[in-house]
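> please find the sequence and the predicted model below.
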Amino acid sequence: MIGVRCEEVAEFLPGVADGSATLSDAAVWHVERCLRCQAELVQYRKLLRALRTIRTEVLEPTPGLLTDILATISESGERHAVRQLLSGRRVASVGGIAAATAAGAAGAVVLATMSRRGRLRLAS
Amino acid sequence: MATRLAELVDRARQGDHGAFEELVRATYMDAYTLAYRLTGDEEDARDVVQEAYLRAYRGLKRFRGEAQFTTWLYRITANCASSTLGKRARHRHDVLEDDELLEASSRLDPAEHADRGAVRERLKAALAELPPRLRAVVVLRDVYDLPHEAIAAELGISEAAAKVRLHRARRKLRERLYPLAGEEEGGDRRAV
């Protein structure tokens, strides 16, 4: 156990247990001769196995969750549809106002032109 | 199951509301289980699941199907749970440090825990006692097998921080479930 201490190895043991880490040669040498580190490694493997077993377990919520989820989505869908409708109407009304303004402006130009021509004719 | 879900996802993405409803029916208990494991509270878990499905519904068109639907849903659920836990911590005003939380919760019901024999039950109890920040990482990595990168992204932390938390969580669980000599009564973890 020369050179490497248990504390230094301990940091890597969970990673070794799940296969994501490898030990240096000195650390391997240490673990092979240290019963405490070997025991700790075995315990991490047990822990990881136990954690994987609870993956298959499904907890049952109190009644009503499914209904609540579907209602939330439904409400959201309806809100979205209403928003789209309103924004569509807004676009339409803004477009209408713009068109009316443009028509009004064009009419004013025509009237102004006509009255100027009328004045010119009278003058001549 | 995965193929069936993939078909439902395809139909739902094309606007089939019934298909999305079927997706919810097929997966909501699993999502609730994850939410409960992350939050440790039934009401919070219900809120988290509802929010997660709402986000999934809104973001379904962006789901490209490279990952499984359940993995994508787990990520959303983890993200929602993280937000809920963040809000809960802010409401408490005094965010306890991880070790303080663990010690506080360990004092709650030692007699009840002493009676639990089965490893699985003891493990669930130990998980429930972990501080939420540590519990989230170990549940997502070691129970649900999400990669570090995804865990970090959904919890809003760096990958390095996720790895540090995972290490701490595993060590605390190991010490609680399989204490080595000298660790049983909160003693120094090693004599060597």
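Sure, I can see it. All of these numbers come straight from a predicted model, not from anything done at the bench.

> quick test: name the residue nearest the centre of chain B.
Centroid check for chain B by Cα atoms, centre = their mean gives B:Leu38 as the closest residue, at 3.3 Å.

> and the pLDDT for it?
For B:Leu38, the pLDDT comes out at 94.

> now for the residue in chain B that chain A sits nearest to, how many residues are close by?
Of all residues in chain B, B:Tyr178 sits closest to chain A, at 3.7 Å by Cβ to the nearest Cβ. Bear in mind the C-beta positions are built from the backbone N, C-alpha and C, glycine included. When neighbours are counted by other Cβ atoms under 10 Å in any protein chain shown, B:Tyr178 registers 18.

> next: A:Glu8.
Neighbours of A:Glu8 using other Cβ under 10 Å come to 13.

> quick check: it touching A:Ala26?
No: using Cβ atoms under 8 Å, A:Glu8 makes no contact with A:Ala26, being 9.2 Å away.

> residues of stretch B:152-171 that come out buried?
B:152-155, B:157, B:162-163, B:165-171 (16 or more other Cβ atoms under 10 Å in any protein chain shown).

> in helices, which of the residues you listed appear?
If you go by DSSP state H, the buried residues of stretch B:152-171 have B:152-155, B:162-163, B:165-171 in helices.

> farthest-apart pair in these, please.
Spatially, the most separated pair among these is B:Ala153 and B:Arg171, at 24.0 Å (Cβ to Cβ).

> name the element the residue nearest to the centre of chain B belongs to?
According to DSSP states H and E, B:Leu38 maps onto helix B:17-39.

> then B:Ala52?
Assigned by DSSP H and E, B:Ala52 belongs to helix B:42-59.

> tell me the mean pLDDT over that helix?
Rounded mean pLDDT across helix B:42-59 is 95.

> how distant is it from the center of its chain?
How far helix B:42-59 lies from its chain's middle: 14 Å, per Cα atoms, centre = their mean, to the nearest Å.

> also stretch B:19-37?
Mean-position distance between stretch B:19-37 and its chain equals 14 Å (Cα atoms, centre = their mean).

> swap in stretch B:124-134?
Per Cα atoms, centre = their mean, the centroid offset for stretch B:124-134 relative to its chain is 10 Å.
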